[in-house]
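**Q** Kindly return the folded structure for what I paste below:
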Amino acid sequence: MRGRLRVYLGAAPGVGKTYAMLGEGRRRLDRGTDVVIGYLETHGRSRTAEMAEGLEVVPRRTMTYRGATFTELDTDAVIARAPRVALVDELAHTNVPGSRYSKRWQDIEELLDAGIDVISTVNIQHLDSVNDVVQQITGVPQRETVPDEVVRRADQVELVDMSPEALRRRMAHGNVYPPEKVDAALGNYFRVGNLTALRELALLWLADKVDDQLDRYRADHDISGTWEARERVVVALSGGPEGDTLIRRASRIADRSRGTDLVAVHVTRSDGLTGASPANLARQRALVESLGGIYRQVVGDDIPQALLDFARGVNATQLVLGASRRGRFAQILSRGVGVDTTALSGSIDVHMVTHEAVSRGRRPERLSALTRQRRMAGFLLAVAGMPLITLVLANLRRDLSLPSDILMFLVGVIGVALVGGLWPALVAALLGSALLNYYFTPPLYEFTITARENALALVVFLVVGAAVSAVVDLAARRTREAAQASADASVLATLSGSVLRGESALMDLMERLRETYGLTTVTLLERPPDTPLTPGRQSDPQRWRIVATVGDRPCTSPDDGDTDVQIDDELSLVLCGRTPAAAARRVLEAFAVQAAVALRQQRLEEQAEQVRPLAEADRMRTALLSAVSHDLRTPLASAKAAVESMRSPDVHWSEEDRDELVDTAAQSLDRLDGLVANLLDMSRLQAGALGMSTQSLAVEDVVPRALDDLVSGDVRLQIPDDLPEVLADPTLLERVLVNLISNALRYTPAGESVLVTASALGDSVELRVIDRGPGIPESDRDRVFQPFQRLGDRDNHTGVGLGLALSRGLAEAMGGSIVPEETPGGGVTMTLTLPLSPRKAVGREPDDQIAHGAILDQIEAWRDRVAGEGRT
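**A** Presented below is the predicted three-dimensional model:
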């Protein structure tokens, strides 16, 4: 039997999740349950450690990654121990690379599958669905996340709640972080506003979880009635123009009480032959979502019952409907959706909202059952066919009776109905009735009837003829509507398929519309936002701007086209070449709505492209500030401490001690010099202002100079003497090699050496820096070249994470590339590819870059002078 999962959810670190987990473990232990600690992270908190005393701890699994030792949950050991309950802290934790699973929640799933109950902890910021919201609130990205579904599947989720003020007091007392970190935490992540927002997120997320549990309980126990545990307003949309009014009214009703959900629903007929305006529904859907609601669409032929079934399914408490748009006579014949829904609503409150379209009547467009040519043929057949039948029956007067004559005329009426539809068939029935009366009903050749049964027979003939004509016309209409619906469905399926395949580019969509309906031009027009909507001036081209067009001459205003589809107050789709049938209006509106979506998506992508450099610059600036605050300050502090120690009058330093302090200051300033050089070069690369002069170089001459710049390390060279020259900047190439070899030495185990090889391949030369370190996972090989990226390094004293990023940037600036590969047997091979040199050296530095490079050279000279003064 699968184990049960219990999760303690917190709004922020320090609220007491781990303490509550341990408290639950101790309570179960006191009741005689077998409880062990699978993984516990006390974070140095004494009270948490005291709560864990007396609980058995399963030893952790020790792992080594990049020369550092880490401990992780030993899943196999816990399963072998087979306790009834295992306490596993930090559900969202990311395991050390090389573990069986990448995430701890996957280890917990294995424990649950083994029948072990698990109690765990997680903070709200680690849930995938709110991760981006938390980052916007706090400004701190959370890299360790857990899928919401994992927590939602938990058998029990308990909120560990604490007010922001209480949590801040707990921090001030030193119960959460060490004293030296308290002030920084209180002024950043743990501000009152941040904690309040995180607390609200946790409460809302848990409320949704409780809603899900309530829905499951009601479904399991077949409870169809409404439980007013939470206000939920449902607004019914017909696709008419009154939908906007209904949505805003429902939104005001929902706003009267906090936490009320707003749900909009549209009921579609199952036969698909009738439907609302896609443009109206698309606009109303956007309005609902902008007001914080959700939109749903259901299928049902009985609209009142479908609305109430949906409302009860979502546990709605209030239902908003629009007053009927039908006329008074239609309301006499049928009560309408609103009246029927109110009568069947039960405990759901129904609001009938009036609007401007009330009682104006609704005249839905109907497809003509038959073409104009067939209707004309039907009239001709009625006029000519009835006399012809009369002539034939007159010659057979002795052999046929009046009922037989009536049946023959009825066959003629049916034939006319099949050809021309209802109205020609009615004409044929009236004409046939007159001919039967005059030629075949005694007394003959008079429009009088002496026998009552003959009069009844003629009346029945007329009624049957009219009824059969109506049925035939309805069948023809339904056939035509079904064929049109099938064609519309085919077009819409093609449209939706193109959207799903990502082919929703605006121009492609408009070209597809033009081809589908055989148009000459399709133009999307936009009215600038600052242009007032003035009636009677829609044809003025100055009031419209062409957004996109396909085909021949574009239309400059809606009046220039044969058909225009108004998408909203600002967009209009204009069609030229032919006028599509009225029945195609819904499909045209669907194309128009999708064109508007494609336009907005295109503009969003353009805005994203414009914002991306700013976001990247902001990320670089944030990382740079972090580097300046730590990595640059550390060597500066070391140098300052050494110099101040030598200047102290209280201590007499020996010559040997003084030399050691000078060496410490010099090494710190050298390190600072290297960091500043990397930052300057990265800034040049980002700004596109890197000064560079390429020339023909021999690789075997550059590599030794790079090795001279290294402090220490075992490096072996295998470079052939006949290697062709490359085209590169000698200083930049040396910098690249120093960075690559230094990085390889940093991760090479003791006793191993770094191998540097080179070979010619086609029109390029490949230099390989090969190490035998822990390697880089394939999924992370691109991340190592991102600026300020240490890829899991715990040691922040080895640099700001610019070496590889700068190396790749410099290599690409010289026309080369750097590609990481796996070393056979373990490790990483960095392959630097450079172009072969032509016979004549080439200088590639533009004049403006030369000037900018001269300025940067002056800055470097100033930096070197300052560094030299620091050394002395």
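
**Q** Can you tell me the element the closest residue to Arg2 other than its chain neighbours falls in?
**A** The spatially closest residue to Arg2, leaving aside those adjacent along the chain, is Leu112, at 5.5 Å (C-beta to C-beta, 6 or more residues apart in numbering). Every residue, glycine included, has its C-beta placed from N, CA and C. Here Leu112, judged by DSSP states H and E, is contained in helix 104-113.

**Q** Pull out the buried positions in that helix.
**A** Residues of helix 104-113 classed as buried by neighbour count (16 or more other C-beta atoms under 10 Å): 104-105, 107-109, 111-112.

**Q** quick one: which of the residues you listed is nearest Ala639?
**A** Arg104 (42.2 Å; C-beta to C-beta).

**Q** so that closest one touches Thr75, yeah?
**A** No - between Arg104 and Thr75 no contact is recorded; they are 9.5 Å apart, counting by C-beta atoms under 8 Å.

**Q** Could you tell me the model confidence score at the residue nearest to Arg2?
**A** We have a pLDDT of 94 for Leu112.

**Q** Leu632 now?
**A** Looking at Leu632, the pLDDT reads 61.

**Q** any chance of the buried residues of helix 104-113 in CSV, plus distance to Ala384?
**A** Shown next, in CSV, are those (distance: C-beta to C-beta, whole Å):
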residue, distance to Ala384
Arg104, 89
Trp105, 83
Asp107, 89
Ile108, 87
Glu109, 82
Leu111, 89
Leu112, 84
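
**Q** Test my guess that Asp117 contacts Met1.
**A** No - look at Asp117 against Met1 with C-beta under 8 Å: they stay out of range, at 10.4 Å.

**Q** pLDDT weak spots in the stretch 101-250 of the chain?
**A** 211-230 (pLDDT under 70).

**Q** need the strands for it, in chain order.
**A** 117-123, 156-160, 232-237 (DSSP state E, counting those that start in this stretch).

**Q** Looking at those, which is nearest to Asp659?
**A** That would be, of those and by C-beta to C-beta, strand 117-123, which comes in at 51.8 Å.

**Q** Which other helices and strands does the closest one contact?
**A** strand 5-10, helix 17-30, strand 85-88, helix 104-113 (3 or more C-beta pairs under 8 Å, 6 or more residues apart in numbering; DSSP states H and E).

**Q** re the thing from before, Serialize the strands of the stretch 101-250 of the chain to a markdown table and add fields for distance to Gly412.
**A** Formatted as a markdown table, the strands of the stretch 101-250 of the chain follow (distance: least, C-beta to C-beta, whole Å):
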| stretch | distance to Gly412 |
| --- | --- |
| strand 117-123 | 82 |
| strand 156-160 | 77 |
| strand 232-237 | 49 |
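
**Q** quick one, which of those strands is nearest to Val587?
**A** Here strand 232-237 is closest among the strands of the stretch 101-250 of the chain (C-beta to C-beta), at 19.9 Å.

**Q** partners of the closest one in the sheet?
**A** When pairing is defined by DSSP bridges, strand 232-237 lines up against strand 261-268 (parallel), strand 318-322 (parallel).

**Q** tell me, how many neighbours does Ala250 end up with?
**A** Close neighbours of Ala250, defined as other C-beta atoms under 10 Å, add up to 28.

**Q** which residues does the closest residue in space to it that isn't next to it in sequence contact?
**A** Residue nearest to Ala250 in three dimensions, not counting chain neighbours: Val235, with 3.8 Å by C-beta to C-beta, 6+ apart. By C-beta atoms under 8 Å, 6 or more residues apart in numbering, the contact set of Val235 is 246-247, 249-250, 262-265, 288, 319-320.

**Q** Which single one of those residues is nearest to Tyr189?
**A** Closest to Tyr189, out of all of the contacts of Val235 and judged by C-beta to C-beta, is Leu262, at 32.9 Å.

**Q** How about the backbone phi and psi for the residue nearest to the closest one when sequence neighbours are not counted?
**A** In space, and not counting its chain neighbours, Leu262 is closest to Gly293: 3.3 Å by C-beta to C-beta, 6+ apart. Phi and psi for Gly293, reported as degrees, to the nearest 10, are phi -100, psi -180.

**Q** which SS class is Thr523?
**A** strand (DSSP: H, G, I helix; E, B strand; the rest coil).

**Q** Can you give me the neighbour number for it?
**A** Neighbours around Thr523, by other C-beta under 10 Å: 26.

**Q** need the contact list for it.
**A** 546, 548-549, 554-555, 561, 573-574, 576.

**Q** what's the average pLDDT for the helix or strand hosting Ala417?
**A** Using DSSP H and E, Ala417 falls within helix 402-420. Summarised as a single mean, pLDDT over helix 402-420 is 84.

**Q** Show me what that helix is in contact with.
**A** 370, 374-379, 381-382, 385-386, 389, 392-393, 400, 424-425, 427-429, 432-433, 435-436, 440-441, 454, 457-458, 461, 464-465, 468-469, 472-473.

**Q** if you set the cut-off to 7 Å instead, what comes out?
**A** For helix 402-420, the external contacting residues (C-beta atoms under 7 Å, 6 or more residues apart in numbering) are 370, 374-375, 377-379, 381-382, 385-386, 389, 393, 424-425, 428-429, 432, 436, 440-441, 454, 457, 461, 464-465, 468-469, 472-473.
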